[in-house]
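S.K.: model this:
(chains A and B)
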Amino acid sequence: MNKNNLLTIFMMVIMSVGLLPTQSFAESSYTVGVVPQFDARRTQQVWTPILKRLEAETGKTFKLVGSPDIPEFEKAFNAGEYDFAYMNPYHLIVANKSQGYQPIVRDIGRKLYGVIVVKKDSPITDVKQLDGKVVALPAPNALGAALIPRTEFATKFMIKPEYKYVKSHSSVYLNVLLGQAEAGGGVQKTFSQQKPEVKDNLRILYETTKVAPHPVAVHPRVSAEVSQQVQDAFLKMAASEKDTKLLQKIPMKQLGVAELKDYDELLEMGLESFYVK
Amino acid sequence: MKFLKYYFPFLFVMIGLAAILHFVWLPYYVDTEIESILTHEKEKTRLLSDTVIPAMLSGDLAEIHTTLDNVVEKNPAWSAVVLQKLDGTQLYPLSKIELSQSDASNIVKHSLIYQEQELGNIQVQTDLESLIAPKVEKLQHLELLVLVSSFLIVMVGVFLQNRFIHLPLKKLSIATSRIAEGDFLTPLPQSSNTVLSKFVENFNHMRNDLESRDVQLMRQQTIQDAVHNMQSKFLTVQDTGAVYCDMLDTLLELSQSEFGLIGEVKYDVDNQLCMKVLVVTNIAWDLPSRNMFEAVIKGDLTFTDIDNLFCRALITGKVEINNNPESELLKMDLPAGHPEIRNYVGIPQYNGKQQLTGMVALANTKKAYSDASISELNIIWNAIGNLIDAFHRKELLSESEAHLRAIVDNAVDGIIVIDSNGTVLTFNPAAEDIFGYNENEVINESIKILMPPMYAEHYGANLSSYLSTVKSQLIGSSREMVGQRKNGEEFFMEVSVAEVRTGTIRHFTGIVRDITERKEQESQLIAVQEILSENNEQLLGLSIKDGLTGIANRRCFDETLEAEIKRAIRHQSSISLILFDIDHFKLYNDHYGHVEGDECLTKLANLVSEIFNRDGDLVARYGGEEFAVILPLTNESIAIKFAEVIREKIVEAAIPHEKSPTASYVSVSLGVATLDVGEFSTGSELVDLADKALYRAKSEGRNQVYSKEMSLMTAKLH
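M.R.: You can find the predicted model right below:
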């Protein structure tokens, strides 16, 4: 045996070793992508215990995959990079279209919708009056606070307000409160979270169509068996008093089964046209 | 805590310092701090503005609020932060805040400018007080700390100073003042301070010196006192034996000797030196020795054999010390029983003239006699030598005094001695007899009681004038005076007074003899003599006096003139004669009567007599209306003057004479004649000359003087 021969053999061994896990992993390890609603740390804090539970339940390995921002997340799921993914309803539609992701579980205790707020003493009483007025929104694609309202303004009310994107829900409310916008778009949850001096001086002008909230979706490549296992595991967790607390942090108040047809309403809205790429 | 007074200057300094710190430096510091704080806050505001501009631009009010909330929280000194849009809309905080412009000094405003567009401004109101307060508080604490610590340091310093310097010094000064007052035993305080210790050491040396000197002085004082004592006793105590006894006792004490003697130098009939024992310690041990002791008291014990231990000093004339006298004693053959003599010293005594007057012997001092111990008492030896001498002379004096005394006491005549004030000092028995007073009643009384009052005054005057002028009629001679006896009887006495001067003392000794008897006899004699004398006078008077006027008569005049001329010739002197005559006397007599005429004559005679009172001058009635004046030793010109005086005096008398053609008053005419020196004449010749002159005066108009040789004097007519 000369040196060359030794090296070739060594390389081969490495490669085979390198190859091995992929194969075995490919069989029992699944990636889980989570929409970067919160910062990476929080996301990890919330999802790591849940995935551990899943692992315990299913015997499969789940790997949490983060994304720096929403566009990257979108790109990732559109590329089918995630075996499982937690995403907003709109993303589901898109992901379903692009990769065939199917929802398996969702919060069945609540609905997702946007609220349009105005100053308490504002003369505006009807959404239609917002035509041409400045409306503050967090970001154009924020589902409940911005995307749905914008779609409805255009398609349902046929109005064209002047949109001011002020980065956060809190900002929206402040802008409205301080008269920098006639109205602002948010969600009930964030509105409720505002300080009394803010929310007491605002009123909800209009609530949008209510849709099913964020699901956990699964890529078609994942076997139905596994998919089911995961779904059962989630349901089991939801039934457990202890584990349900973990789920509430997602936030999922009341985890239940999710079906694609639950999101038909959203489909019919035609949000894609208003999605800012 | 009296040392606190030293703290006061520091107190003032500290107060000053505190005042400066508080009122000058502190405000300055505060101002500087405020400035720097504002600058700092301005910078922070600027940074803050930069931070919020992006959020302003994007309208992310939540971000602005979060940031500003954070900032406000982090800066408690920012009492208010206000963010405004350019249009004045307050974006932060939610509650509207109007920053009062009155507090403009602590509001930092920063405009938010992006790409040269003003978006709005941030105003920050800083609570300077709260920012400054902690610093100021810290400073004040520091201030206080500094003050308190410096106070404490000073207190400690003063305390230490007091404890380690003042107190020891004070103790030292107290101790030294006690020592200075004489308490030599007071211990001096110890001190750890080396300087003070050294001082204490030195002081102790000094104190010891002082102490020993003190002791020495005391000794000297004792010795001197002894001498004074002896001398004063000599002056006051009569009993010489007692004085000598005291002297010996003192000597024994001073020399710490057991016994001794004092002796006086005497010479026997052969002029050999002997020693008379004046006083000796009583060491009598048996009858013979006791007899000897008695002899001393009587003044009878004299040693003639002096060449022995006891009296050697008299022979050698020097101090003879013998601390081992056994051999000498053996030679002396002392009687048995004589007390042991362990040591002995004989000290010769000299008077001021270096004459040996006596000797002092001492025996049995504690250790031994030494030259030093004897010479220590030199002043005593000097004194004793003189005292022995003085006593001796006093003795002699008393003897002579006694003798004199006896004379006076036994004198027949009274002898009285007085001092310069007239106080009686001596009044002998004879005087007692004369005056009837006892000696005691008169001595120390004034001499005046022995005289009748009126004489006493005169006598007093006499004495004082004598004392002041050494002239007296009385002193130095014998005089008859009137005395007054005790019973008041006045009597005649003959007194001779002599002055007795001794040093400054002036006494007067009077020898008095009662001459009453003699006086009686004398007075009888005098009475007879007087009668005779009177008769004689009368006779003489008849023969020489003018019956009417009382002046000399013609006969007297004639005789006197003769005598005087003879005398003048004999003595080669001049003599003048004035004859004067009353003008128109007959007319006077006729007009006024003879009685008046007589009176006039008498008047004139008296007038003229008054003029002449020289011895030898004679005014006489020459004739009926004629008078003459004899003037021996008088030349013509003077005689003329006299004549004029007579004339004027009579004119001045202004005896009225209506009928006188010459004047309305009585006037006289006068003639003067002189016998000059060397001329010869008889009385009648001179009268003749004068008469001629008189005649001339009359013929020339009367009331004038004429003299043979001169021209007429102009008459003054009234």
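
S.K.: switch to C-alpha atoms for all contacts and neighbour counts from now on
M.R.: OK.

S.K.: So what's the residue count around A:K253?
M.R.: Applying other Cα atoms under 10 Å in any protein chain shown, we find 18 residues neighbouring A:K253.

S.K.: Please read off the pLDDT at it from the model.
M.R.: pLDDT for A:K253: 88.

S.K.: Figure out how far stretch B:213-220 is from the centre of its chain.
M.R.: 33 Å (Cα atoms, centre = their mean, to the nearest Å).

S.K.: Can I get it as PDB, trimmed to CA atoms?
M.R.: Taking Å, rounded to 0.1, in the frame of the first residue of the first chain, the C-alpha atoms of stretch B:213-220 are listed here in PDB:
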ATOM      1  CA  ARG B 213      23.200  78.900 101.800                       C
ATOM      2  CA  ASP B 214      20.000  79.400 103.700                       C
ATOM      3  CA  VAL B 215      21.300  77.200 106.500                       C
ATOM      4  CA  GLN B 216      24.500  79.200 106.400                       C
ATOM      5  CA  LEU B 217      22.700  82.500 106.500                       C
ATOM      6  CA  MET B 218      20.600  81.300 109.400                       C
ATOM      7  CA  ARG B 219      23.700  80.400 111.300                       C
ATOM      8  CA  GLN B 220      25.200  83.800 110.500                       C
END
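
S.K.: How is the residue of the stretch 1-150 of chain B at minimum distance from chain A assigned, secondary-structure-wise?
M.R.: Minimum separation of the stretch 1-150 of chain B from chain A (Cα to the nearest Cα) falls at B:A62, amounting to 4.2 Å. In three-state terms, and counting by DSSP: H, G, I helix; E, B strand; the rest coil, B:A62 is helix.

S.K.: hang on, isn't it packed against A:L174?
M.R.: Yes: between B:A62 and A:L174 there is a contact at 6.6 Å, judged by Cα atoms under 8 Å.

S.K.: between those two, which one's more packed in?
M.R.: Just comparing B:A62 and A:L174: by other Cα under 10 Å the higher neighbour count belongs to A:L174, 29 against 20.

S.K.: residues in contact with whichever residue of chain A sits closest to chain B?
M.R.: Closest approach of chain A to chain B (Cα to the nearest Cα) occurs at A:S171, with a separation of 4.2 Å. Counting by Cα atoms under 8 Å, 6 or more residues apart in numbering or on different chains, A:S171 makes contact with A:P138, B:G59, B:D60, B:L61, B:A62, B:E63.

S.K.: And stretch B:619-634, what's buried?
M.R.: Buried residues in stretch B:619-634, defined by neighbour count with 16 or more other Cα atoms under 10 Å in any protein chain shown: B:619-622, B:625-634.

S.K.: ditto for stretch B:169-189
M.R.: Those would be B:L169, B:L172, B:A175, B:T176, B:I179, B:F184, B:L188, B:P189, for stretch B:169-189 by 16+ other Cα under 10 Å.

S.K.: Could you do stretch B:407-418 as well?
M.R.: For stretch B:407-418, the neighbour count (16+ other Cα under 10 Å) marks B:V408, B:D409, B:V412, B:D413, B:G414, B:I415, B:I416, B:V417, B:I418 as buried.

S.K.: so which of these would you say is closest to B:K298?
M.R.: Distance to B:K298, by Cα to Cα, is smallest for B:D409 among these, at 28.4 Å.

S.K.: That closest one touches B:T426, doesn't it?
M.R.: No: using Cα under 8 Å as the test, B:D409 is too far from B:T426 to be in contact (10.1 Å).

S.K.: what do the two both touch?
M.R.: By Cα under 8 Å, 6+ apart, no residue touches both B:D409 and B:T426.

S.K.: and B:V412, how far is that from B:E520?
M.R.: To B:E520, B:V412 is 21 Å away according to Cα to Cα, to the nearest Å.

S.K.: now B:S609
M.R.: For B:S609, the distance to B:E520 - Cα to Cα - is 39 Å.

S.K.: repeat for B:Y350
M.R.: To B:E520, B:Y350 is 64 Å away according to Cα to Cα.

S.K.: Neighbour count: the two, which is higher?
M.R.: More crowded of B:Y350 and B:E520, by other Cα under 10 Å: B:Y350, with 22 against 12.
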